[in-house]
Each structure stands twice: as structure tokens, then as C-alpha cells.
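Trainee: Give me coordinates for this.
(chains A and B)
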Amino acid sequence: MRALAPLRKVGVTGRGLVVALPYLWLVLFFVAPFVIVLKISFSDIDLAIPPYKPLIEWIGKNSLAIKLNLNNYAFLFTDSLYVHAFLNSIKVAFISTLLCLLVGYPVAYGIARSSGTWRNVLLFLVVLPFWTSLLLRVYAWIGLLKANGVINNVLIWLKLIHEPLTLLYTPLAMYIGIVYSYLPFMILPLYANLEKMDWQLLEAAEDLGCRPWQAFYKITVPLSRNGILAGSMLVFIPAVGEFVIPALLGGPNALMIGRVLWDEFSSNRAWPVASAVVILLLILLVPFMMWYQSVQRRESAGER
Amino acid sequence: MNYRRSYFITTCLAFGFAFLYVPILSMVVFSFNASKLVTVWDAANSPTLKWYVSLIHNEEILDAAWISLKVAVINATGSVILGTLAGVGLARFAQFRGRFTLSAMTTAPLVMPEVITGLSLLLLFVAMEQWVGWPAGRGITTMTIAHMTFSMAYVTVVVQSRMATFDSALEEAAMDLGAPPLKVFFVITLPIIFPAVLSGWLLAFTLSWDDLVISSFTSGPGSSTLPMVVFSKVRLGVSPEINVLATITIAVVTAMIIGISLWLSRAGRLEKVAE
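Mentor: Numbering: from 1, shown residues only, chains lettered A, B, ... in the order given. As a prediction, the model looks like this:
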């Protein structure tokens, strides 16, 4: 540490060095990109490489011109494709979050109320799919849902239907895919919260004449509020920008903003418009991210 | 009353886990199917290993897997270093300038939609190339930087939560006895948080190995990763080779996780015996 003595005089400490490296990395590769996106969102499109014009230009000898082009944003609000895709993404993410909560809460509750060994086994089973590829798990649903897929074959074999149902490339398929992929993200924070629950409160409530269902929504649900919020945010925020699942299961009509962004960027090379989409998405999502962070802080501080 | 409730919860658990596992099991079963029609079971010739043989002769998939492996290993190692530094800093230093920013910057990548991260990183790389001439073009380097940026956030969370549960008195005692901070870290802190660091490494490896969206934005010609090749194949429909790939992935991951948790629980027991 003696080697650091001269550095310490200028305010550099061992502690400072520990956090400096990750700090600088994230500023450079996580924050700076958004500044550049913001800049490009105000640029004109150009038929060059890269396909946008600079914001700041020298015009004449001593004058510097900064031209902010708001057309990209105006374009997004006037073109019904974008408005529709935006609203649809929020709708799909919201419904998926509710479905995840509906499926995930009983599972998390069941795990939290299981005995030691079962609890570990069930938790392992929740975590395992998370470690295997998301892409492959979404792909599995194509095999299940397609016209001569497993579900249709089983239904025909049971003589419940005669003609195969159209399941793949429908909104239903997309919802199944999203709920399936994001379910562990709902279950794990819920479980982490429910695990700390004092179950004697429920017994007390029942002794005092509460019905089990009443005790559930008067005691368990309010006490697990942080878990519900954290899980919902972990599903909702990434689901808004989801690209892979609508592209594979949703069919051509599944208009999600992540997909529009991808197309705008790769096939149309409209980088300024794509940047404007990113900025608007961030304006929408950053409040939710801050909410998530405050929920996490409260949860780790043990507050309800 | 109690019985009926637990009956209800058991049913929910059964349905929940069936929902999680039926698709996975169907891929495993159909990976042994002889028919090219994937989901139509060819009873006469199945089970067969012929798609396994054809997968290990598929050059495109093997090349892509090799690139994915390189990126995943470098990414995991880099993000463990960055993430452990951030996690230790956030857990041990109660107050420092920029603490709030650092904790926000390590939480945001966890929930940030991948298209946003991918697109903005690509625009950064393009701008950097214009200004400083580095990185020249896009490929394995840019992809690894992009992966490290989101993976280190996961490592930070894992390390930070492990740090929060262990008693800092051990570190303080070592310091009181005259050990310099760096030595305290390597002799006391690191061995204790090692399970967290190891799971952080594996998590970072898996995230990188699986990533499709951010890789597609930040990769260049000739650096297609395994998920990129799989995605382009899957868009054309189901393929028996992808079922084989999925089965192998599941087998490796399951074996690895069981092995490590057994090893960790044994190590945990030994620690208890020693105490």
C-alpha cells in the first residue's frame, strides 16, 4: 500500500480503485451509448456510412451550427405503425405480466410452504430452465403448437377435434411463449419474499375466525407486496422490448416495438428513426426501472 | 380446510411444473425420432441416434459453437473481475461518491430490453470507430465487450448478496492484526465468497452462450454465434438437429448444476465440521 501513498495525496485511494474499474466500464459501455443514441435521434438520415448526418457543423468561418431535427420524433407520432406497435407492446407486456403472476404466485407459494428437501428440489426445477437456452425453449413451442405438432396430434388422437387447430403464429402462441420464458423471473422474487413470511400470522387469523381465502388476501398478499412488484417489473420491463418470441411464435401480425426496431435498423437502415424509438422506449421504461430499484432497496432493508 | 387448500396448491404446483417441463421433454423425446417431420413419431425406425451423428458433422453449427465458446469464456472471466469489484465495493463501502450511480448502473442492465442495449452499443461502436479508429469493424471483440456489460451486472448482484450475509468482523480482525487490504481480500474475503464468484462465472458464461439479440447487433461478418445460426434455422421451421442440440444443452447444464450444488453442499458441510 506504500506504493499508493503519492496517489493518495491527489485523492486516489485503494477503495476508489476498487470501484473505479467497474464504474468507468459502465459509464463507457452502458451510459455513453444512450448519449450517442440521443444524439443520433436528432440527426438527419443520410445515404452514407454511417447513415446519419452530424449534428454539429462548421458553417462559414466562425460559426458553429447545431441542428436538432425533430422530424424523427414527429414521424413516430404520425405513422400509425409505430403508435400501434408501441401500444400493442405495452398491452402484450401487461397481460403477460398478469398471466405470469397468476401462474407464478401459487407455484412460489407452494414452494415456500413445502418442507426442506422438497423446497430445494422444486427451486432447482424452477431455476434449471433459466440455465438452458431461451431460444431453444421458445423453439420447443413451435414443435408443440404447429399444425401437425404434438398438441394437435394428441387432440386428434383423443377424438376431441377432427381438423388441426391453428395455434402457431397467433397471439395465443405469443402469450404462451412469453409467459413460459419469463415465469422463473416471476417465481424467484416471489419465493424469496414468501420464504420470509411468518406463517403463524395465518394461523392466528384463522383462529380468530378468518376464512383461509380471506386470510390469504388480507395477510399474505399485502405482506408479499414487494415480491409481487419485483417479479412483475422483472417480467414487464424486458417483455415490452421482446423481439425473439413475437418473431418466432407470433406470426407476421404480431407487431411489437422490439421487432419494428429491429426491422427499421437492419433492413431499412433508418438509424435516426430507430434511435428515436429507443429514446421513447427509455422514457417509458426508466420510471419502472427506478421503481424496481426502490422496491429492491426496501426489500433488502427488510421493510414491507 | 387445511387439507383442501394444500390439495389446491399441490395441483397448481403440478400444473406449473408440467408447463415448464413438457416442452423441454418433448424436445428430448423427438431428438431420437427418425422422421424428418420432427413431431410425427416414426415408430418403425425410432429411437435412433442419426440426428446426433448429423449434428456433429454440421460444420456451420460447430464453427458457430466454437465462436460462442470463445466469447463466453472471455466474457465470463472479464465480468467476474468487474462484477466482483463492484459487488465488494457496493457491499463494503457504505458511503462513496457515485455509490447511487454505480448501484443504478448495475441494476438497469438486468431489466433493460435487449434490443435497446444491443442497438445503443452498436451505435457506440460505430461512433468510436469514427472518432478513435477502435474497434475496427465489428466481431468477436465488440461482441465480448457487449456481453461483459450486461453479464457483470448479474455477477455484481450475486457477489453483493453473498457479501451482505457474511460477517465483516473476520476481515476487520485480519486488518487489526496488520494484514494489508489486498491480502485480506485474497486470504479472507475471496475464499469465503468463492461459491458466489463461481456461480457468477457460470451465470455470465450461460448468458453469453445464450444471447441472440445483443450478439446480432454487435457481431460482424464471419462471427455468427450458435444462437444466431439456430435462430436463422428455426425461422425456417423445426429441424431435428435443433432438438439434438437442445437435448445436449439440457444434459450438460443439468449435470453441471447438480455436480456443483453437490460439491458446494459438501464443502459447506466440511466447513461446519471444521467449526
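Trainee: quick one: the helices in the stretch 101-250 of chain B?
Mentor: Secondary structure of the stretch 101-250 of chain B (DSSP state H, counting those that start in this stretch): helices at B:114-132, B:140-165, B:169-176, B:181-184, B:190-210, B:213-218, B:226-234, B:240-274.
Trainee: would you turn those into CSV with mean neighbour count and mean pLDDT?
Mentor: For the C-beta atoms, the positions are set from N, CA and C on the backbone; glycine is no exception. Shown next, in CSV, are the helices of the stretch 101-250 of chain B (neighbours: other Cβ atoms under 10 Å in any protein chain shown; pLDDT from 0 to 100):
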stretch, mean neighbour count, mean pLDDT
helix B:114-132, 21, 90
helix B:140-165, 23, 92
helix B:169-176, 14, 87
helix B:181-184, 14, 86
helix B:190-210, 20, 91
helix B:213-218, 25, 92
helix B:226-234, 21, 91
helix B:240-274, 15, 81
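Trainee: now these as a markdown table including distance to A:Val127?
Mentor: Output for the helices of the stretch 101-250 of chain B, formatted as a markdown table (distance: least, Cβ to Cβ, whole Å):
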| stretch | distance to A:Val127 |
| --- | --- |
| helix B:114-132 | 21 |
| helix B:140-165 | 13 |
| helix B:169-176 | 29 |
| helix B:181-184 | 32 |
| helix B:190-210 | 11 |
| helix B:213-218 | 22 |
| helix B:226-234 | 20 |
| helix B:240-274 | 8 |
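Trainee: Of all those, which one is nearest A:Tyr105?
Mentor: Evaluated over these, closeness to A:Tyr105 peaks at helix B:140-165, with 23.0 Å, by Cβ to Cβ.
Trainee: Who are the packing partners of that closest one?
Mentor: Contacts defined by 3 or more Cβ pairs under 8 Å, 6 or more residues apart in numbering or on different chains; DSSP states H and E place helix B:140-165 against helix A:14-26, helix B:59-92, helix B:99-111, helix B:114-132, helix B:190-210, helix B:213-218.
Trainee: What about B:Ser224, how many residues nearby?
Mentor: Counted with other Cβ atoms under 10 Å in any protein chain shown, the neighbours of B:Ser224 add up to 19.
Trainee: ok, now how distant is it from A:Glu242?
Mentor: Taking Cβ to Cβ, to the nearest Å as the measure, B:Ser224 and A:Glu242 are separated by 22 Å.
Trainee: hmm, back to that, including distance to A:Pro252, could the helices and strands packed on helix B:140-165 go into TSV?
Mentor: Output for the helices and strands packed on helix B:140-165, formatted as TSV (distance: least, Cβ to Cβ, whole Å):
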stretch	distance to A:Pro252
helix A:14-26	38
helix B:59-92	27
helix B:99-111	28
helix B:114-132	19
helix B:190-210	26
helix B:213-218	19
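Trainee: Between the ones you listed, which one is closest to A:Gly60.
Mentor: The closest of these to A:Gly60 is helix B:114-132. By Cβ to Cβ, the value is 23.9 Å.
Trainee: What are the contacting residues of that closest one?
Mentor: By Cβ atoms under 8 Å, 6 or more residues apart in numbering or on different chains, the surrounding residues in contact with helix B:114-132 are A:29, A:32-34, A:36-37, A:40, A:50, A:238, A:241, A:243, A:258, A:261-262, A:265, A:271, A:274-275, A:278, A:281-282, B:109, B:134-138, B:142, B:145-146, B:149-150, B:211, B:213-218.
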